[in-house]
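Enquirer: missing the sequence, but the structure's below:
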(Lines give C-alpha, C1' and ligand atoms only; values in the text may rest on other atoms or scores of the structure.)
Protein backbone atom coordinates (compact mmCIF):
# COMPACT_ATOMS: atom_id res chain seq x y z
CA UNK A 1 0.00 0.00 0.00
CA UNK A 2 2.87 2.32 0.80
CA UNK A 3 4.30 1.69 -2.66
CA UNK A 4 0.98 2.64 -4.25
CA UNK A 5 0.84 5.78 -2.12
CA UNK A 6 4.05 6.95 -3.74
CA UNK A 7 3.50 5.44 -7.19
CA UNK A 8 0.09 6.97 -7.96
CA UNK A 9 1.06 10.64 -7.41
CA UNK A 10 4.43 10.08 -9.10
CA UNK A 11 2.88 8.50 -12.20
CA UNK A 12 0.29 11.27 -12.38
CA UNK A 13 2.97 13.93 -12.05
CA UNK A 14 4.92 12.26 -14.89
CA UNK A 15 1.75 12.32 -17.01
CA UNK A 16 1.25 16.01 -16.21
CA UNK A 17 4.84 16.79 -17.21
CA UNK A 18 4.55 14.93 -20.52
CA UNK A 19 1.20 16.51 -21.36
CA UNK A 20 2.55 19.92 -20.44
CA UNK A 21 5.58 19.53 -22.68
CA UNK A 22 3.42 18.18 -25.52
CA UNK A 23 1.35 21.39 -25.43
CA UNK A 24 4.47 23.29 -26.47
CA UNK A 25 5.35 20.86 -29.27
CA UNK A 26 1.76 21.09 -30.53
CA UNK A 27 1.95 24.87 -30.37
CA UNK A 28 5.07 24.77 -32.54
CA UNK A 29 3.28 22.54 -35.03
CA UNK A 30 0.24 24.79 -35.25
CA UNK A 31 2.35 27.49 -36.87
CA UNK A 32 2.15 25.70 -40.22
CA UNK A 33 -0.54 23.01 -39.89
CA UNK A 34 -4.21 23.44 -39.02
CA UNK A 35 -5.79 21.90 -35.92
CA UNK A 36 -7.62 19.12 -37.74
CA UNK A 37 -4.52 17.79 -39.49
CA UNK A 38 -2.35 18.27 -36.41
CA UNK A 39 -4.76 16.17 -34.36
CA UNK A 40 -4.65 13.37 -36.95
CA UNK A 41 -0.85 13.24 -37.01
CA UNK A 42 -0.47 13.31 -33.24
CA UNK A 43 -3.17 10.66 -32.64
CA UNK A 44 -1.66 8.49 -35.39
CA UNK A 45 1.73 8.82 -33.73
CA UNK A 46 0.26 7.72 -30.40
CA UNK A 47 -1.38 4.67 -31.98
CA UNK A 48 1.90 3.84 -33.74
CA UNK A 49 3.78 3.94 -30.43
CA UNK A 50 1.31 1.53 -28.89
CA UNK A 51 1.51 -0.84 -31.86
CA UNK A 52 5.31 -0.90 -31.71
CA UNK A 53 5.18 -1.90 -28.06
CA UNK A 54 2.17 -4.25 -28.38
CA UNK A 55 4.16 -7.47 -27.68
CA UNK A 56 4.75 -6.10 -24.18
CA UNK A 57 1.13 -5.43 -23.21
CA UNK A 58 -1.40 -6.89 -25.67
CA UNK A 59 -3.32 -9.92 -24.37
CA UNK A 60 -5.66 -12.04 -26.48
CA UNK A 61 -8.34 -12.26 -23.77
CA UNK A 62 -8.71 -8.48 -23.61
CA UNK A 63 -10.21 -8.39 -27.11
CA UNK A 64 -13.26 -10.27 -25.78
CA UNK A 65 -13.55 -8.17 -22.61
CA UNK A 66 -16.81 -6.13 -22.59
CA UNK A 67 -14.97 -3.28 -20.83
CA UNK A 68 -13.01 -2.74 -24.05
CA UNK A 69 -16.20 -1.31 -25.53
CA UNK A 70 -16.18 1.46 -22.92
CA UNK A 71 -12.81 2.71 -24.17
CA UNK A 72 -13.78 2.23 -27.81
CA UNK A 73 -17.06 4.12 -27.35
CA UNK A 74 -15.33 7.03 -25.64
CA UNK A 75 -12.83 7.04 -28.50
CA UNK A 76 -15.65 8.35 -30.69
CA UNK A 77 -15.15 11.76 -29.03
CA UNK A 78 -11.78 11.60 -27.25
CA UNK A 79 -9.03 12.26 -28.06
CA UNK A 80 -9.79 13.37 -31.63
CA UNK A 81 -12.57 15.83 -30.80
CA UNK A 82 -11.09 17.11 -27.53
CA UNK A 83 -7.66 17.50 -29.12
CA UNK A 84 -9.09 19.33 -32.13
CA UNK A 85 -11.05 21.63 -29.81
CA UNK A 86 -8.00 22.26 -27.61
CA UNK A 87 -5.76 22.99 -30.61
CA UNK A 88 -8.37 25.27 -32.17
CA UNK A 89 -8.92 27.11 -28.89
CA UNK A 90 -5.16 27.53 -28.59
CA UNK A 91 -5.02 28.96 -32.09
CA UNK A 92 -8.03 31.30 -31.74
CA UNK A 93 -7.86 32.65 -28.19
CA UNK A 94 -4.38 31.60 -27.12
CA UNK A 95 -2.98 29.27 -24.51
CA UNK A 96 -3.88 31.56 -21.62
CA UNK A 97 -7.65 31.13 -21.80
CA UNK A 98 -7.34 27.46 -22.70
CA UNK A 99 -5.15 26.77 -19.68
CA UNK A 100 -7.51 28.68 -17.39
CA UNK A 101 -10.39 26.46 -18.43
CA UNK A 102 -8.25 23.33 -18.09
CA UNK A 103 -7.39 24.28 -14.52
CA UNK A 104 -11.00 23.79 -13.47
CA UNK A 105 -11.32 20.19 -14.72
CA UNK A 106 -10.53 18.59 -11.30
CA UNK A 107 -13.62 20.22 -9.79
CA UNK A 108 -15.86 18.65 -12.45
CA UNK A 109 -14.09 15.28 -12.27
CA UNK A 110 -14.19 15.16 -8.46
CA UNK A 111 -17.95 15.77 -8.52
CA UNK A 112 -18.45 12.86 -10.93
CA UNK A 113 -16.25 10.58 -8.81
CA UNK A 114 -18.16 11.38 -5.63
CA UNK A 115 -21.58 10.96 -7.23
CA UNK A 116 -21.02 7.86 -9.36
CA UNK A 117 -17.93 6.12 -7.91
CA UNK A 118 -18.63 6.76 -4.21
CA UNK A 119 -15.18 8.23 -3.70
CA UNK A 120 -14.67 10.45 -0.66
CA UNK A 121 -13.29 13.98 -0.99
CA UNK A 122 -11.68 14.61 2.39
CA UNK A 123 -10.96 18.07 3.72
CA UNK A 124 -7.25 17.71 2.91
CA UNK A 125 -7.97 16.49 -0.64
CA UNK A 126 -10.43 19.33 -1.18
CA UNK A 127 -7.93 21.90 0.06
CA UNK A 128 -5.19 20.49 -2.17
CA UNK A 129 -7.52 20.46 -5.18
CA UNK A 130 -8.61 24.06 -4.63
CA UNK A 131 -5.01 25.21 -4.18
CA UNK A 132 -3.98 23.47 -7.41
CA UNK A 133 -6.85 25.07 -9.31
CA UNK A 134 -6.15 28.47 -7.75
CA UNK A 135 -2.43 28.25 -8.50
CA UNK A 136 -2.94 27.46 -12.17
CA UNK A 137 -5.62 30.13 -12.47
CA UNK A 138 -3.35 32.73 -10.83
CA UNK A 139 -0.51 31.96 -13.24
CA UNK A 140 -2.62 32.22 -16.37
CA UNK A 141 -5.37 34.70 -15.54
CA UNK A 142 -5.10 38.26 -16.83
CA UNK A 143 -7.40 41.20 -17.49
CA UNK A 144 -7.93 40.29 -21.13
CA UNK A 145 -9.68 37.06 -20.16
CA UNK A 146 -12.71 38.89 -18.78
CA UNK A 147 -13.40 40.29 -22.26
CA UNK A 148 -12.22 37.24 -24.21
CA UNK A 149 -14.24 34.77 -22.17
CA UNK A 150 -17.38 35.61 -24.12
CA UNK A 151 -15.88 34.77 -27.47
CA UNK A 152 -17.35 31.76 -29.20
CA UNK A 153 -13.86 30.27 -29.38
CA UNK A 154 -13.78 30.05 -25.59
CA UNK A 155 -16.48 27.38 -25.85
CA UNK A 156 -13.91 25.20 -27.59
CA UNK A 157 -11.67 25.41 -24.53
CA UNK A 158 -14.64 24.64 -22.28
CA UNK A 159 -15.59 21.63 -24.43
CA UNK A 160 -12.04 20.30 -24.35
CA UNK A 161 -11.97 20.67 -20.57
CA UNK A 162 -15.24 18.74 -20.13
CA UNK A 163 -14.10 15.90 -22.41
CA UNK A 164 -10.74 15.59 -20.67
CA UNK A 165 -12.46 15.54 -17.30
CA UNK A 166 -14.78 12.81 -18.54
CA UNK A 167 -11.72 10.88 -19.78
CA UNK A 168 -10.52 10.33 -16.21
CA UNK A 169 -13.98 9.29 -15.02
CA UNK A 170 -14.66 6.92 -17.93
CA UNK A 171 -11.16 5.43 -17.77
CA UNK A 172 -11.60 4.58 -14.10
CA UNK A 173 -14.82 2.71 -14.91
CA UNK A 174 -13.24 0.89 -17.86
CA UNK A 175 -10.16 -0.18 -15.92
CA UNK A 176 -12.35 -1.74 -13.24
CA UNK A 177 -13.46 -4.28 -15.85
CA UNK A 178 -10.23 -4.54 -17.86
CA UNK A 179 -7.09 -3.77 -15.80
CA UNK A 180 -4.85 -3.25 -18.84
CA UNK A 181 -4.12 0.49 -19.14
CA UNK A 182 -2.38 0.36 -22.51
CA UNK A 183 -5.08 -1.77 -24.11
CA UNK A 184 -7.67 0.76 -23.01
CA UNK A 185 -5.64 3.66 -24.37
CA UNK A 186 -4.98 1.80 -27.62
CA UNK A 187 -8.70 1.12 -28.15
CA UNK A 188 -9.69 4.75 -27.53
CA UNK A 189 -6.94 6.23 -29.70
CA UNK A 190 -7.49 3.76 -32.55
CA UNK A 191 -11.20 4.55 -32.77
CA UNK A 192 -10.38 8.25 -32.54
CA UNK A 193 -7.88 7.98 -35.38
CA UNK A 194 -10.55 6.46 -37.63
CA UNK A 195 -13.00 9.22 -36.64
CA UNK A 196 -10.42 11.95 -37.20
CA UNK A 197 -9.49 10.59 -40.63
CA UNK A 198 -13.14 10.28 -41.62
CA UNK A 199 -13.83 13.85 -40.52
CA UNK A 200 -10.78 15.12 -42.39
CA UNK A 201 -11.47 13.42 -45.70
CA UNK A 202 -15.14 14.37 -45.53
CA UNK A 203 -14.30 18.07 -45.04
CA UNK A 204 -11.01 18.35 -46.95
CA UNK A 205 -11.90 16.41 -50.06
CA UNK A 206 -9.12 13.86 -49.73
CA UNK A 207 -6.30 16.36 -49.13
CA UNK A 208 -2.98 14.74 -48.27
CA UNK A 209 -1.72 14.77 -44.68
CA UNK A 210 1.83 16.23 -44.50
CA UNK A 211 3.24 13.82 -41.91
CA UNK A 212 6.92 14.45 -42.67
CA UNK A 213 6.62 17.93 -44.18
CA UNK A 214 6.05 21.36 -42.72
CA UNK A 215 5.32 20.97 -39.00
CA UNK A 216 4.40 17.29 -39.17
CA UNK A 217 7.38 16.11 -37.06
CA UNK A 218 6.28 18.37 -34.20
CA UNK A 219 2.97 16.51 -34.04
CA UNK A 220 4.73 13.15 -34.30
CA UNK A 221 6.69 14.14 -31.21
CA UNK A 222 3.47 15.32 -29.56
CA UNK A 223 1.91 11.92 -30.17
CA UNK A 224 4.90 10.08 -28.67
CA UNK A 225 4.80 12.27 -25.56
CA UNK A 226 1.05 11.74 -25.30
CA UNK A 227 1.40 7.96 -25.62
CA UNK A 228 3.79 7.85 -22.68
CA UNK A 229 1.76 10.34 -20.66
CA UNK A 230 -1.48 8.43 -21.23
CA UNK A 231 0.18 5.20 -20.11
CA UNK A 232 1.29 6.91 -16.89
CA UNK A 233 -2.17 8.42 -16.36
CA UNK A 234 -4.11 5.21 -16.99
CA UNK A 235 -1.76 3.22 -14.74
CA UNK A 236 -2.24 5.78 -11.98
CA UNK A 237 -6.02 5.52 -12.39
CA UNK A 238 -5.82 1.73 -12.23
CA UNK A 239 -4.28 1.90 -8.78
CA UNK A 240 -5.49 5.24 -7.41
CA UNK A 241 -8.62 7.28 -6.85
CA UNK A 242 -9.98 9.85 -9.29
CA UNK A 243 -10.07 12.53 -6.58
CA UNK A 244 -6.31 12.06 -6.12
CA UNK A 245 -5.25 11.74 -9.76
CA UNK A 246 -7.33 14.57 -11.22
CA UNK A 247 -5.93 17.56 -9.27
CA UNK A 248 -2.32 16.43 -9.72
CA UNK A 249 -2.86 16.03 -13.46
CA UNK A 250 -4.32 19.53 -13.57
CA UNK A 251 -0.85 20.87 -12.80
CA UNK A 252 0.23 20.17 -16.37
CA UNK A 253 -0.08 23.82 -17.53
CA UNK A 254 2.79 24.61 -15.17
CA UNK A 255 5.04 22.30 -17.16
CA UNK A 256 3.83 24.03 -20.33
CA UNK A 257 4.80 27.37 -18.83
CA UNK A 258 8.14 26.22 -17.43
CA UNK A 259 9.30 24.47 -20.60
CA UNK A 260 8.21 27.45 -22.72
CA UNK A 261 10.24 29.78 -20.50
CA UNK A 262 13.17 27.37 -20.61
CA UNK A 263 13.36 27.41 -24.38
CA UNK A 264 12.76 31.13 -24.69
CA UNK A 265 15.16 31.93 -21.82
CA UNK A 266 12.55 34.21 -20.22
CA UNK A 267 12.48 34.80 -16.49
CA UNK A 268 9.42 33.97 -14.41
CA UNK A 269 7.69 37.02 -12.95
CA UNK A 270 6.46 37.33 -9.39
CA UNK A 271 2.91 36.32 -10.35
CA UNK A 272 4.12 33.15 -12.06
CA UNK A 273 6.36 32.20 -9.14
CA UNK A 274 3.50 32.68 -6.68
CA UNK A 275 1.18 30.55 -8.81
CA UNK A 276 3.79 27.82 -9.13
CA UNK A 277 4.34 27.73 -5.36
CA UNK A 278 0.60 27.57 -4.61
CA UNK A 279 0.11 24.80 -7.19
CA UNK A 280 3.05 22.77 -5.89
CA UNK A 281 1.71 23.03 -2.34
CA UNK A 282 -1.71 21.93 -3.60
CA UNK A 283 -0.25 18.90 -5.38
CA UNK A 284 1.78 18.05 -2.28
CA UNK A 285 -1.35 18.20 -0.11
CA UNK A 286 -3.24 15.89 -2.49
CA UNK A 287 -0.32 13.44 -2.48
CA UNK A 288 -0.07 13.56 1.30
CA UNK A 289 -3.82 13.13 1.69
CA UNK A 290 -3.80 10.03 -0.52
CA UNK A 291 -1.14 8.46 1.69
CA UNK A 292 -2.86 9.54 4.89
CA UNK A 293 -6.15 8.01 3.83
CA UNK A 294 -4.42 4.75 2.92
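Expert: Nice, I can see it. This is a predicted model, so every value here is computed, not measured.

Enquirer: Near residue 208, how many other residues are there?
Expert: 8 (other CB atoms under 10 Å). Using the backbone N, CA and C atoms, a C-beta is placed for each residue, glycine as well.

Enquirer: Got phi/psi on it?
Expert: When read as degrees, to the nearest 10, the backbone of residue 208 gives phi -70, psi 150.

Enquirer: what's near enough to touch it?
Expert: The contact partners of residue 208, by CB atoms under 8 Å, 6 or more residues apart in numbering, come to none.

Enquirer: Against residue 229, how distant is residue 187?
Expert: Distance of residue 187 to residue 229, computed by CB to CB, to the nearest Å: 17 Å.

Enquirer: Which helix or which strand is home to residue 15?
Expert: Applying DSSP states H and E as the criterion places residue 15 in helix 2-29.

Enquirer: elements contacting whatever helix or strand comes next after that helix?
Expert: Once the chain leaves helix 2-29, the next helix or strand it forms, by DSSP H and E, is helix 35-52. When contacts are defined as 3 or more CB pairs under 8 Å, 6 or more residues apart in numbering; DSSP states H and E, helix 35-52 packs onto helix 2-29, helix 80-102, helix 181-204, helix 216-239.

Enquirer: Over to residue 78: give its phi and psi.
Expert: phi -130, psi 130.

Enquirer: residues near it, how many?
Expert: For residue 78, using other CB under 10 Å, the count is 22.

Enquirer: Which residue, neighbours along the chain excluded, lies closest to residue 33?
Expert: Once flanking residues are discounted, residue 33 sits nearest to residue 215: 4.7 Å by CB to CB, 6 or more residues apart in numbering.

Enquirer: so who does that neighbour touch?
Expert: Neighbouring residues of residue 215 by CB under 8 Å, 6+ apart: 28, 29, 30, 31, 32, 33, 38.

Enquirer: For the strand or helix carrying residue 110, enumerate the helices and strands it packs against.
Expert: Secondary structure assignment for residue 110, by DSSP H and E: helix 105-116. Other elements packing on helix 105-116 under the criterion 3+ CB pairs under 8 Å, 6+ apart are helix 123-140, helix 154-177, helix 242-249.

Enquirer: Tell me which of those helices lies nearest to residue 10.
Expert: Residue 10 sits nearest to helix 242-249 of all the helices and strands packed on helix 105-116, at 9.4 Å, using CB to CB.

Enquirer: Relative to the whole chain's centre, how far out is the closest one?
Expert: For helix 242-249, the separation from the chain centroid amounts to 12 Å (computed by CA atoms, centre = their mean, to the nearest Å).

Enquirer: ditto for stretch 166-185
Expert: With CA atoms, centre = their mean, you get 14 Å for stretch 166-185.

Enquirer: Sweet, I'm off.
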